[in-house]
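Engineer: no sequence on this one, just coordinates:
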């Protein structure tokens, strides 16, 4: 009886060792590639209030401008279906395409608030310093085509990383919606 127990323990030990070794080897060869990070928050300029529904942020690094914004974003990266970086006169710009319901929200907010700013926050990396307030385009007319175009206060590499992250988030959101 003692002999069987030892044999069983040896087999169990060998099995545990094999599983641990195969797990270590497979993790060595199957490193999951980190997906780029892309966070986007679009806020509407708002009158300051004491209720805590607004806050003041600084936009632009070279000549900072303070803008009061609504704490709750109008649009986020969850609403994005695609983003692209393109050359524009004097530099480059980012175009963000939103899904239909988010486009309706964008249209409503821009129709109601002409003369105010959309304040855009972007985050594109793992570190806190990889994010900042990127732009504050003035609302001249309602935006009814589900597209927001802005010139970011960022380097080309930062903007490229943000766009890649937004597209990865859009793909992930589309995959989740298609499973539902």
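Structural biologist: Yep, that arrived. Just so we're clear, the structure is a prediction, and the values are computed from it rather than from any experiment.
Engineer: what's the domain layout of the chain?
Structural biologist: Using automatic domain parsing, the domain ranges for the chain come out as 1-32, 39-179.
Engineer: and the end-to-end length of the last one?
Structural biologist: One end of domain 39-179 sits 23 Å from the other (C-alpha to C-alpha, to the nearest Å).
Engineer: next one: the helix or strand that residue 81 is a member of to chain centre, how far?
Structural biologist: Here residue 81, judged by DSSP states H and E, is contained in strand 80-88. Put simply, strand 80-88 sits 13 Å off its chain's centre (C-alpha atoms, centre = their mean, to the nearest Å).
Engineer: center of this protein, which residue is that?
Structural biologist: By C-alpha atoms, centre = their mean, the chain has its centre lying nearest to residue 39, at 1.9 Å.
Engineer: who's in contact with that one?
Structural biologist: 76-77, 121-124, 131, 165, 169 (C-beta atoms under 8 Å, 6 or more residues apart in numbering). For the C-beta atoms, the positions are set from N, CA and C on the backbone; glycine is no exception.
Engineer: that one pairs with what?
Structural biologist: residue 123 (DSSP bridges).
Engineer: what's the separation between it and residue 165?
Structural biologist: Separation of residue 39 from residue 165 (C-beta to C-beta, to the nearest Å): 7 Å.
Engineer: and for residue 96?
Structural biologist: 12 Å.
Engineer: quick one, which of those two is more surrounded?
Structural biologist: Between residue 96 and residue 165, residue 96 has the larger neighbour count (other C-beta atoms under 10 Å), namely 27 against 24.
Engineer: which residues of the protein fall in helices?
Structural biologist: 2-29, 100-112, 156-179 (DSSP state H).
Engineer: quick one on the thing from earlier: now render the domains of the chain as a markdown table, adding mean pLDDT.
Structural biologist: Formatted as a markdown table, the domains of the chain follow (pLDDT from 0 to 100):
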| stretch | mean pLDDT |
| --- | --- |
| domain 1-32 | 53 |
| domain 39-179 | 94 |
